[in-house]
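here is a sequence with its predicted model. Questions after.
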There are 2 protein chains.
Amino acid sequence: MRSGFAFRITHRDNLARRGELATSRGVIQTPAFMPVGTQGAVKALTHRDLEESGAEIILANTYHLHLRPGEGLIARLGGLHRFIGWRAPILTDSGGYQAFSLGERRVIDEDGISFRSHLDGSAHRFTPERATEIQAALGSDIAMVLDECLAYPATPDATRQSMHRTLRWARRCRDRLVTLCESSAPGGVAVTNPGQAQFGIVQGGIDPALRSESAGATVGIGFEGYAIGGLSVGEPVDVMYEVVGATAPHLPDDRPRYLMGTGTPADLVEAVSRGIDLFDCVLPTRNARNGQLFTGEGRLNIRNARHAEDAGPPDESCTCYTCRHYSRAYLRHLFMAGEITAHTLNTLHNVHFYLDTMRRIREAIVFGTLEKLRVAYHQAFSPRSSDS
Amino acid sequence: MRSGFAFRITHRDNLARRGELATSRGVIQTPAFMPVGTQGAVKALTHRDLEESGAEIILANTYHLHLRPGEGLIARLGGLHRFIGWRAPILTDSGGYQAFSLGERRVIDEDGISFRSHLDGSAHRFTPERATEIQAALGSDIAMVLDECLAYPATPDATRQSMHRTLRWARRCRDRLVTLCESSAPGGVAVTNPGQAQFGIVQGGIDPALRSESAGATVGIGFEGYAIGGLSVGEPVDVMYEVVGATAPHLPDDRPRYLMGTGTPADLVEAVSRGIDLFDCVLPTRNARNGQLFTGEGRLNIRNARHAEDAGPPDESCTCYTCRHYSRAYLRHLFMAGEITAHTLNTLHNVHFYLDTMRRIREAIVFGTLEKLRVAYHQAFSPRSSDS
């Protein structure tokens, strides 16, 4: 375990865990949701907005920050926290997912991924070592290993081979981090957070046996926490829930478990019920910019004409700044008029809704009522309850 | 004088006036700057941001709100203040300037302006009566008369004829407002703020004699305040200052004077020195979205490469949220990365800078040091001090 990093479970409700994740930059109450700040800012929000929403950790994307402004510049300015002015913990992904998503702009081999920037076509390469070094320069509190992300669906053979490559890469990432942090001048690589933790990533597609094998071998390498990757990539939600449920028991009870890139409010409750502690997803922020608000009654599309003269708030039971001060009518007007402020107010609400969902989840675990909450969210966020 | 409306001068420094403008929705310390909230929101800001910047009044555009969402909807929801959730005073323009700016999409005759919407090409018509009715439905605290806005330069004849038409329209606007507020059910027109004040507008181009004639005749009609229109339309700044200096003395000392659509920080100090009390301008907000920040040292273009690794704030002496929390390096990164948050943080700073300029102006008037402030702003904001 890296210094300053600790995870403690305080309550349980069946498989769900209520805990505290300690980093050198602060404690995160779990289960927790990490708003996505791709380029060092959660889109349309200021850090103050995030703090007031109760965000205790945000996610930043290594691919984007590597391309612009570059980890070298960020390290010279003291690391990502100082550069962006955010004092609480930050998790960085490895950049692998974005690089894989470039399609024809990237080539994968055993040693790593070569790709061309979506910004200017410039050539770049992520190896497990390089992805580790970039994150060391950024100085996030939690770094992720570089994993191979397969498209869904994939053949069993491709899934197995990819899972094994991810294991080899995980080993190299861990070795590189240990070397970086043990040497005082690690070959010109800036290390802006010597206490950085590193999470391994379990792959294996939708095959429980491969997931189990991947989990066992990843845990064998030894990380401060473990993520489940390769889900929310197009598979049916029931399949996703099954894979989560089949994988989590193979991860050590005393380490945090992170389900990457998921999901809807219902997904959060379902995954927590299966033992997950950490989440990230662009849904609350991206949907906000498309006019979709999450409420206790389900999704609400603010563009809908029926909100045009509605003086009520988006969500009667919500205590966010947007719901306390603005009507659906005004939010609809701002959105239809293309005002930037619409993005800010919608995003404020959705992020608050997600973080409030996590507060409810944590409370339900303490009181042993998570199953009730799961049913309520399942009903509110079923596809039929959508206002889109 | 309309009920609830009052203007009191508390200090003088040569021609400059420090005062208090009272409306039924609150007192405005003058000289004051009104951030522009065209469509019912100051672009990229929330009302909370505005309140924290010290904004005591904002401006909204009648043309835009008439087209979308329409004054009828706004009146049904209780008027503009309730619709947008802003409790402090609001000034609405008449819509004339935007309609005139439509070029070939509009036709002007003695009775009014016919124009086609820039949104959907739909046909609309503003007469003096209609512009007054729309603003009565919006329920702003200060309404403006419909005036004819000439392009610069204009011939002396065109300027004189236009000035006289503006006078005839001003008379009709005043008559319509008086009728609306005196009748209990004014012909189906919603009046959401019975205490609405109305300002006349002085025209006359750059001819001191025409300006003097316009001022005298406008004052003869009788309004709660007087604006100087038709400036900042392309004439040299020295000419603008001269016209302001020649016009202000023809306006009653005991009524607020509003210089429309102006200007740079230097313009504010110059105009206050000539007896102006109120301002509005899109410069702080629009320039923020183009990456230009106003600072005590002059203008700063955040895109400039020399800010890329600058850990200092945009303005060392500024106390705004942006300057207290973020570096030039981060703001440059956000801007280059196209983040919405860049618009918010830049706008926050510029609006704060403008409102802080007004605070300094008011203080300087009290202490009799406005001339020193004028020289300082003149030097900081001369064209040669620009970082663009």
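Yes, it's here. Residues are numbered from 1 along each chain as shown, chains lettered A, B, ... in the order given.

give the contact list for A:V272.
Taking Cβ atoms under 8 Å, 6 or more residues apart in numbering or on different chains, we find A:V272 in contact with A:A16, A:P31, A:I361, A:I365, A:L370. Glycine gets a C-beta too; all of them are placed from N, C-alpha and C.

my read: the last one touches A:R274, true?
No - using Cβ atoms under 8 Å, A:L370 makes no contact with A:R274, being 10.8 Å away.

related to what we said a few turns ago, turn the contacts of A:V272 into CSV, including secondary structure.
Below are the contacts of A:V272 laid out as CSV (DSSP: H, G, I helix; E, B strand; the rest coil):
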residue, secondary structure
A:A16, strand
A:P31, coil
A:I361, helix
A:I365, helix
A:L370, helix
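
as TSV, those residues with pLDDT and distance to A:I302 would be great.
Below are the contacts of A:V272 laid out as TSV (pLDDT from 0 to 100; distance: Cβ to Cβ, whole Å):
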residue	pLDDT	distance to A:I302
A:A16	98	33
A:P31	98	28
A:I361	98	26
A:I365	98	32
A:L370	98	30
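
ok, which pair from the residues you listed is furthest apart?
Pairwise distances across the contacts of A:V272 (Cβ to Cβ) peak at 10.0 Å, for the pair A:P31 and A:L370.

overlap in contacts of those two?
Among the neighbours of A:P31, those also in contact with A:L370 (Cβ under 8 Å, 6+ apart) are A:A16, A:V272, A:I361.

output the contacting helices and strands for the strand or helix carrying A:S162.
Assigned by DSSP states H and E, A:S162 falls within helix A:156-182. On a contact count with 3 or more Cβ pairs under 8 Å, 6 or more residues apart in numbering or on different chains; DSSP states H and E, helix A:156-182 meets helix A:128-138, strand A:197-202, helix A:208-221.

list the contacts of the nearest residue to A:E56 once chain neighbours are set aside.
Nearest-residue entry for A:E56: A:I28, 4.5 Å, with adjacent residues in sequence omitted and distances by Cβ to Cβ, 6 or more residues apart in numbering or on different chains. Listed by Cβ under 8 Å, 6+ apart, the contact partners of A:I28 are A:E20, A:L21, A:A22, A:E56, A:I57, A:P89.

residues contacting the third one?
This means A:A22. Counting by Cβ under 8 Å, 6+ apart, A:A22 has contacts A:G4, A:F5, A:A6, A:F7, A:R8, A:I28.

identify the farthest-apart pair in those residues.
Distances among the contacts of A:A22 were taken as Cβ to Cβ; the most separated pair is A:G4 and A:R8, at 13.8 Å.

and the two? Which one has more around it.
A:G4 (15 against 11; other Cβ atoms under 10 Å in any protein chain shown).

test my guess that that one contacts A:G195.
Yes - under the criterion of Cβ under 8 Å, A:G4 makes contact with A:G195 at 4.1 Å.

quickly list what's touching both of the two.
A:T23, A:S24.

wasn't the residue nearest to A:E56 part of a helix?
No - counting by three-state DSSP, A:I28 is not part of a helix but strand.

I'd like to know how far it sits from A:R359.
Counting by Cβ to Cβ, to the nearest Å, the separation of A:I28 from A:R359 is 13 Å.

likewise for A:A266?
16 Å.

which one's more surrounded, those two?
It is A:A266, of A:A266 and A:R359, that has more neighbours when counted by other Cβ under 10 Å, with 20 against 13.

which residues touch the more buried one?
Contacts of A:A266 (Cβ under 8 Å, 6+ apart): A:Y377, A:H378, A:A380, A:F381, A:S382.

could you look up the SS state of it?
Three-state assignment for A:A266 (three-state DSSP): helix.

do the same with the one 10 residues further on
Under the three-state scheme (three-state DSSP), the conformation of A:I276 reads as coil.

what's the burial count for A:R172?
A:R172, neighbours per other Cβ under 10 Å, totals 20.

so it touches A:E129, yeah?
Yes - with contact defined as Cβ under 8 Å, A:R172 and A:E129 form a contacting pair (6.1 Å).

now for A:R168, how many residues are close by?
So A:R168, with other Cβ under 10 Å, has 13 neighbours.

so, low pLDDT: which residues of chain A?
A:1, A:184-186, A:383-388 (pLDDT under 70).

spatially central residue in it, please.
Residue closest to the average C-alpha location in chain A (Cα atoms, centre = their mean): A:D280, at 2.3 Å.

closest to chain B among the contacts of A:V272?
A:P31 (26.8 Å; Cβ to the nearest Cβ).

related to what we said a few turns ago, so the helix holding A:S162 versus helix A:128-138, what angle?
50 degrees (axes from the mean of the first three to the mean of the last three Cα atoms, to 10 degrees).

now the helices for the stretch 251-388 of chain A?
A:265-273, A:283-289, A:321-325, A:328-336, A:340-367, A:370-380 (DSSP state H, counting those that start in this stretch).

and of those, who's closest to B:A190?
Ranking these by their distance to B:A190 (criterion: Cβ to Cβ) puts helix A:328-336 first, at 15.8 Å.

and the stretch 51-200 of chain A, which residues reach chain B?
Residues of the stretch 51-200 of chain A found near chain B (Cβ under 8 Å from any Cβ of the partner chain) are A:H64, A:R68, A:P69, A:L73, A:R76, A:L77, A:G78, A:R82, A:F83, A:I84, A:G85.

how about A:T344: what's its closest non-neighbour residue?
In space, A:T344 is closest to A:A44, 4.7 Å off (Cβ to Cβ, 6+ apart).

how about the contacts made by the one you found?
Contacts of A:A44 (Cβ under 8 Å, 6+ apart): A:T285, A:A288, A:R289, A:I340, A:H343, A:T344, A:N346, A:T347, B:I340, B:T341, B:T344.

next, format these as TSV and append distance to A:E224 and neighbour count.
As requested, the contacts of A:A44 are exported to TSV (distance: Cβ to Cβ, whole Å; neighbours: other Cβ atoms under 10 Å in any protein chain shown):
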residue	distance to A:E224	neighbour count
A:T285	27	22
A:A288	32	28
A:R289	33	18
A:I340	39	20
A:H343	35	25
A:T344	35	29
A:N346	35	26
A:T347	30	28
B:I340	33	20
B:T341	30	29
B:T344	35	29
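
got a markdown table for the residues you listed, with distance to A:Y97 too?
Listed next are these as a markdown table, based on distance: Cβ to Cβ, whole Å:
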| residue | distance to A:Y97 |
| --- | --- |
| A:T285 | 17 |
| A:A288 | 22 |
| A:R289 | 21 |
| A:I340 | 28 |
| A:H343 | 24 |
| A:T344 | 27 |
| A:N346 | 25 |
| A:T347 | 22 |
| B:I340 | 23 |
| B:T341 | 23 |
| B:T344 | 28 |
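
of those residues, closest to A:E309?
Among these, A:N346 lies closest to A:E309 (Cβ to Cβ), at 18.9 Å.

surely the closest one and A:G291 touch.
Yes - counting by Cβ under 8 Å, A:N346 does reach A:G291; the two are 6.8 Å apart.

between these two, what contacts are shared?
In contact with both A:N346 and A:G291: A:I302, A:F335, using Cβ under 8 Å, 6+ apart.

just the buried subset of the contacts of A:I28, please.
Buried subset of the contacts of A:I28 (neighbour count, 16 or more other Cβ atoms under 10 Å in any protein chain shown): A:L21, A:E56, A:I57, A:P89.
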